[in-house]
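Asks: show me how the following folds:
(one chain, ligands or ions: 2)
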Amino acid sequence: MTNCIFCRIASGEIPSSVIYEDEDFKVIMDIAPAAKGHAIILTKKHFANLFELEEDVAGKVLSVAKKVAAAMKEELCCDGINLLQNNGEAAGQTVFHLHFHLIPRYKDDDVHIKWKPGRYEDGEAADIAAKIAGRLI
Ligand code: AMP
Ligand code: ZN
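Replies: Ligands and ions are numbered 1, 2, ... in the order given. Coordinates of the predicted model:
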């Protein structure tokens, strides 16, 4: 996809600060970081989101995330790391080429990834779980 910014970064057409690269992924610095060191894992092939992601690439991504997270923690001495991935505008996705965020976190930092905890009525969680489970293939 020539009009996709992350395809152009993944191919090297647009330069980026690269942390890691293999045949399936490029891990780069996010241009507008939530915290210094914020990285994004890009797939080399264009998938708009998790729903489009091919199984074999899906099976490899967590190993890349684990490897980079360990290096990041060691180098930055952060207290924690968020691994985030947004699908769809409603979920906060702004670039429609699959990517995973690795965000270094520090005690009392100014990064806010929060929701108001909700609650289920009696039996509601089990009911929803069963409905979703029924659609698994
Ligand atoms: P998301 O909201 O999950 O789609 O995240 C998109 C991320 O891509 C944001 O954190 C942006 O700062 C980042 N981003 C957008 N353009 C670039 C770019 N040219 N190089 C690096 N990161 C980028
Ligand atoms: Zn793309």
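
Asks: can you give me the helices in this structure?
Replies: Using DSSP state H, the helices of the chain run over 5-10, 55-76, 124-133.

Asks: and of those helices, who's closest to ligand 1?
Replies: Smallest distance to ligand 1 across these (C-beta to the nearest ligand atom): 5.3 Å, for helix 5-10. C-beta: built from backbone N, CA, C; applies to glycine.

Asks: mind listing what's buried along the closest one?
Replies: 6-10 (16 or more other C-beta atoms under 10 Å).

Asks: same question, stretch 76-86
Replies: Those would be 78, 81, 85-86, for stretch 76-86 by 16+ other C-beta under 10 Å.

Asks: from the residues you listed, which land in strands?
Replies: Ile81 (DSSP state E).

Asks: could you work out the most separated pair of the buried residues of stretch 76-86?
Replies: Maximum pairwise distance among those (C-beta to C-beta): 21.1 Å, between Cys78 and Asn86.

Asks: now do the contacts for Lys36.
Replies: 76, 104 (C-beta atoms under 8 Å, 6 or more residues apart in numbering).

Asks: select the longest strand from this protein.
Replies: Assignment by DSSP E gives strand 99-105 as the longest strand of the chain.

Asks: and that strand with ligand 2, contact?
Replies: No. Against ligand 2, strand 99-105 shows no contacts by C-beta under 5 Å from the ion, the least distance being 9.4 Å.

Asks: show me the contact partners of that strand.
Replies: The contact list for strand 99-105 (C-beta under 8 Å, 6+ apart) reads 6, 27, 30, 33-43, 61, 65, 68-69, 72-73, 76, 78-85, 111, 113.
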